[in-house]
Every structure is written in structure tokens, then in C-alpha cells.
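Visitor: what follows is a predicted structure for the sequence shown.
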Amino acid sequence: MVQGNIAIDGPAGAGKSTVAKLLAERLHYLYVDTGAMYRALTYKALRQGVDLTDEKALTSLAENTNIKLVPGEKGGRVLLDGEDVTLFLRRPEVSGAVSLVAQVPGVRRHLAAQQRAIAAAQRVVMDGRDIGSFVLPDAPHKFFLTASLEERSRRRWREMRAQGLQLSPDDVLAEIRARDRLDSERALGPLVVPPDAVYIDTTGLKPEEVVAKILAVLEERSGGGDGPCSTGSAK
Ligand code: DC
């Protein structure tokens, strides 16, 4: 029997959301896609024409915005001030701007507080960039998923094509590379591998195979207490 919240971090296209969703279903936990919160805020900022270099304006926007993640089929819906914006959040203009919004400390503090409140109310599988390191540093189970840059951009390209978005594979690769850099270099909540996380390279693995690896770690821990796992290589 698994105990406690599960944090899943990693770069864009590492397969976090697919894996986290499947895992949450299996465990009957709530799946929390924190990237969707940053994307929803970015979408609002773009729609309102907010200057994306104005940290004060973006912080105030975050403080005056209501973002709700509603669980449901296909991973749930995102409500922005009550409006369902799920379908807009993966558009290229949002993907291109989201790292700028996510690097604002006031925005991060505000969204992280909301994420902590969600995790305090129920068991969660929460995915993002800073969940194990900053949002839920005391989570008993932390995983860091990654894959080669080429595989991550291939996955993202396929995902976008399935949504009817036509981008060249090179453009997607360039966007992922740019996002990797911004996500890793920001001052607050950068993408880092938490020292107590289990590191999984998902290159060449199907989502179900990654879920199976995670479940094996959780099962081993629940059998022998919640101590560090011998099969995972924490980096
Ligand atoms: O996982 P994603 O691609 O939907 O995330 C979108 C962006 O949001 C990503 O470029 C970085 C940011 N993000 C973040 O800074 N912190 C999180 N916990 C989740 C996402």
C-alpha cells in the first residue's frame, strides 16, 4: 500500500504528464498538472496583452486569477476564471511564452502555494519542474523523468500534430531546447534533480513501462518501509 504524495519532475517532453496521469489512475490519487497552471496564466497574459517582461504585472495577474484543475476523462480540464481553456494551453504561442511567465518569482510563489494547498487536501501525483525540490520537498516519493532531446521533441511534435497543430520537427526541437535552458536557469524553482529522487531515463520506453518501473519502486518501499530504494539511481 503506497503512502504519501508523489512528485514527478523533469524537462519538457519527458513523458511526465502521460505517466503521472496513468499512475494517478492506478493509485486512485488526484493527478495535478502544474505545467497547466503556468500555461493557463500565460494564456491569460497573452490574451490581455500583459507585458511579459513586467514582473509586477505578472505577479498581480497571478494573484487575481482563479485557476482550477478539474479531474475527469482524458486528464481533466483547466478552468481559467471559470472558463474552460484546456484546448488552448498547448498552442505554440503559449508554449513559446510560458517559461518567461514561469520565471517570475511572484508568480511561482503564488502558484506553488496553491499547489501545496491541493496536496495538503488529498493524495496527489503532481508533475512539474520543481515539485520535489520546492513545492513538496517533504514528499516521500520523488521521481525525475528525462529522455534524450531528440526523443522529447519527437514526442512533443507527435502530440502537437495529434491536436492539429502543424509545426516542423526542427521548430519543436528549438522550442524545447530554449525552454530547457530557461527552466534550468531561473533563480526560483529551477529544474533540478532532487537528491532523493529516483532518476528514470524514459528514452525508448513506453509510458506503461515507465509506470511499471515507478510502481515497482513504490511496492518495494511499501514492503520494506518508506526508505530509499535500491533499484532507483538517485543522482
Ligand atoms: O510541463 P509543461 O510543458 O506543460 O510546462 C509548461 C511550462 O511551465 C514549462 O516550460 C515550465 C513551466 N513549469 C514550471 O516552471 N514549473 C512547474 N512546476 C511546471 C511547469
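Guide: It's in.
Visitor: which residue ranges form the helices in the chain?
Guide: 16-27, 34-48, 55-63, 92-102, 105-121, 149-162, 169-185, 207-223 (DSSP state H).
Visitor: which of the ones you listed sits closest to residue 131?
Guide: helix 34-48 (6.7 Å; C-beta to C-beta). From N, CA and C alone the C-beta is placed, and that goes for glycine too.
Visitor: give me the most central residue, this protein.
Guide: Centroid check for the chain by C-alpha atoms, centre = their mean gives residue 128 as the closest residue, at 2.5 Å.
Visitor: any idea how far residue 33 is from that one?
Guide: Using C-beta to C-beta, to the nearest Å, we find residue 128 at a distance of 8 Å from residue 33.
Visitor: related to what we said a few turns ago, can you say which of the helices of the chain is nearest to residue 3?
Guide: That would be helix 207-223 among the helices of the chain, by C-beta to C-beta, at 6.9 Å.
Visitor: just checking, what packs against that closest one?
Guide: If you count contacts as 3 or more C-beta pairs under 8 Å, 6 or more residues apart in numbering; DSSP states H and E, helix 207-223 packs onto helix 16-27, strand 141-146, strand 198-201.
Visitor: ok, what's across the strand from the residue nearest to the centre of the chain?
Guide: residue 9 (DSSP bridges).
Visitor: thought it was touching residue 12?
Guide: No. Judged on C-beta atoms under 8 Å, residue 128 makes no contact with residue 12 at a distance of 11.1 Å.
Visitor: still on that earlier bit, show me what contacts the residue nearest to the centre of the chain?
Guide: 8, 9, 16, 33, 34, 35, 115, 135 (C-beta atoms under 8 Å, 6 or more residues apart in numbering).
Visitor: do the same with residue 210
Guide: 15, 19, 145, 200, 202.
Visitor: and for residue 155?
Guide: Residue 155 is in contact with 13, 15, 147, counting by C-beta under 8 Å, 6+ apart.
Visitor: let's see it at 6 Å
Guide: When contacts are counted by C-beta atoms under 6 Å, 6 or more residues apart in numbering, residue 155 touches residue 13.
Visitor: same thing with residue 122?
Guide: residue 30.
Visitor: what's the spacing between it and residue 210?
Guide: Taken as C-beta to C-beta, the span from residue 122 to residue 210 is 23 Å.
Visitor: next: residue 173.
Guide: From residue 173 over to residue 210 the distance is 22 Å, taken as C-beta to C-beta.
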